[in-house]
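1. after the sequence you'll find the predicted model.
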Amino acid sequence: MSHEGIRFVSEDAARKATADERELPREAITPLRVRVNKTEGTGVEIDWKDGHASHWSFAWLRDACPCATCVEEREVEGREPGQPKPQPATLLPMFKAAVRPREVRPVGRYAISFDWNDGHTSGIYSWHYLRSICQCEACKAEAARSAAKL
């Protein structure tokens, strides 16, 4: 049996991932309404059952991909979810199409997945993950307070 392409996460990385997953009430991770603005290209909006609303651009979500390969790459580079890869300085920048999903699929009743226009397809964005990476000012402030306590 070949294990080519399988990546094993270190104990430290597993501990960090567990610490990053804060406990959230059921209503906080249950979407009331999900809007994927694929045609407009503006991103994803979720209204949660607890009354909270979240929004992410497609580019931000692609840079926050939760698949093992992307998580490991971000850890090696010291990037946070949503933080773009550093681009090499070039004399003539190459055209790069805006990040957009070619296809969007529900994953059971717990997640959503995207087939991105850059060919990446392996990320499964659970409702818990999406709520935990909410980019609204209130959630950013809460995350900063939690990080300060550590």
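-> Looks like it came in fine. Remember, it's a predicted structure, so these values are computed and weren't measured experimentally.

2. check which helices and strands the helix or strand in which R74 is found sits against.
-> Using DSSP states H and E, R74 sits in helix 68-77. With contacts defined as 3 or more Cβ pairs under 8 Å, 6 or more residues apart in numbering; DSSP states H and E, the packing partners of helix 68-77 are helix 11-20. For the C-beta atoms, the positions are set from N, CA and C on the backbone; glycine is no exception.

3. who are the contact partners of the closest residue in space to A97 that isn't next to it in sequence?
-> Distance criterion Cβ to Cβ, 6 or more residues apart in numbering; nearest residue to A97, sequence neighbours excluded, is N117 at 6.1 Å. With contact taken as Cβ atoms under 8 Å, 6 or more residues apart in numbering, N117 is in contact with A97, V99, R100, P101, R102.

4. filter those residues down to the buried ones.
-> V99, R100, P101 (16 or more other Cβ atoms under 10 Å).

5. and the contacts of N117, which is closest to S57?
-> Taking Cβ to Cβ as the measure, V99 is the one of those closest to S57, at 8.3 Å.

6. now do the longest helix along the chain: distance to the chain's middle.
-> Selection of the longest helix in the chain by residue count, based on DSSP state H, yields helix 137-149. Helix 137-149 has its C-alpha centroid displaced from the chain centroid by 18 Å (Cα atoms, centre = their mean, to the nearest Å).

7. ditto for stretch 60-67
-> The answer for stretch 60-67 is 4 Å, by Cα atoms, centre = their mean.

8. got it, and stretch 68-75?
-> 11 Å.

9. quick one: mean pLDDT over it.
-> Averaging pLDDT along stretch 68-75 gives 97.

10. same check on stretch 94-106?
-> Computed over stretch 94-106, the mean pLDDT rounds to 89.

11. what lines up beside the helix or strand just after the helix holding R74 in the sheet?
-> Beyond helix 68-77 on the C-terminal side, the first helix or strand identified by DSSP H and E is strand 101-107. Strand 101-107 pairs in its sheet with strand 111-116 (antiparallel), by DSSP bridges.

12. okay, D20: pLDDT?
-> Among the per-residue scores, D20 holds a pLDDT of 49.

13. same question, E142
-> On pLDDT, E142 comes in at 86.

14. all set, thanks.
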